[in-house]
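Colleague: have a look at this prediction, sequence included:
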Amino acid sequence: MTEPREDTATVVTVCDTCKRDGWQAGHGPTDGERLAALVEAAAANRTGVTVRRHGCLMGCAGACNVAIQAAGKIAYTLGRFDPTPEAAEGIVTYAALHADSDTGQVPFRTWPAAIKGHFVTRHPPLPKP
């Protein structure tokens, strides 16, 4: 797991308990664990992106799920991923674009193909205290 760093702007939280249809206990890691490992590897040399794992993001019907968040920015939940290197690279590329954005909004024309069609929710930033 990539540990949070002070200079990191965007955090990708990967649900490591996600199980897609057809997953069977005893047959290796969950689909979420597989996606988490791939996202961690894709983010290993990226600045501005931190990856963490969390058990259950409550999107079980659309596994595998991730949240993309940063202080003062719009946050997103994405799901329905296959645990593949292409999906992981798309997630990390989008997170880097999110990190580079002042608001968290990323122009559609710059979205990686691997994340299109995977957005589930958008959350406005919390108000400043």
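Modeller: Yep, that arrived.
Colleague: all contacts plus neighbour counts: C-alpha atoms, from now on.
Modeller: Fine.
Colleague: ok, the residue nearest the centre of the chain - contacts?
Modeller: The residue lying closest to the centre of the chain (Cα atoms, centre = their mean) is Val66, at 3.6 Å. Counting by Cα atoms under 8 Å, 6 or more residues apart in numbering, Val66 makes contact with 12-15, 57, 77-79.
Colleague: Asp31 now?
Modeller: 16-20, 23, 64, 82-83.
Colleague: just the buried ones among those residues, please.
Modeller: When these are checked for burial by 16 or more other Cα atoms under 10 Å, the buried set is 16-20, 64, 82-83.
Colleague: and of the residues you listed, the nearest to Pro125?
Modeller: The shortest approach to Pro125 among the buried ones among the contacts of Asp31 belongs to Cys64, at 23.6 Å (Cα to Cα).
Colleague: quickly find the element holding the closest one.
Modeller: For Cys64, there is no enclosing helix or strand under DSSP states H and E.
Colleague: let's have the contacts of Asp31 in CSV, adding distance to Ala99, secondary structure and pLDDT.
Modeller: Converted to CSV, the contacts of Asp31 look like this (distance: Cα to Cα, whole Å; DSSP: H, G, I helix; E, B strand; the rest coil; pLDDT from 0 to 100):
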residue, distance to Ala99, secondary structure, pLDDT
Asp16, 23, coil, 92
Thr17, 26, coil, 85
Cys18, 25, coil, 81
Lys19, 28, coil, 80
Arg20, 29, coil, 76
Trp23, 33, coil, 70
Cys64, 22, coil, 92
Asp82, 24, coil, 93
Pro83, 23, coil, 95
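Colleague: packing partners for the longest helix along the chain?
Modeller: Counting by DSSP state H, the longest helix found in the chain is helix 85-100. Using 3 or more Cα pairs under 8 Å, 6 or more residues apart in numbering; DSSP states H and E, the elements in contact with helix 85-100 are strand 10-15, helix 31-43, strand 49-54.
Colleague: and these as JSON lines, adding distance to Arg109 and mean pLDDT?
Modeller: Output for the helices and strands packed on helix 85-100, formatted as JSON lines (distance: least, Cα to Cα, whole Å; pLDDT from 0 to 100):
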{"stretch": "strand 10-15", "distance to Arg109": "20", "mean pLDDT": "96"}
{"stretch": "helix 31-43", "distance to Arg109": "22", "mean pLDDT": "96"}
{"stretch": "strand 49-54", "distance to Arg109": "21", "mean pLDDT": "96"}
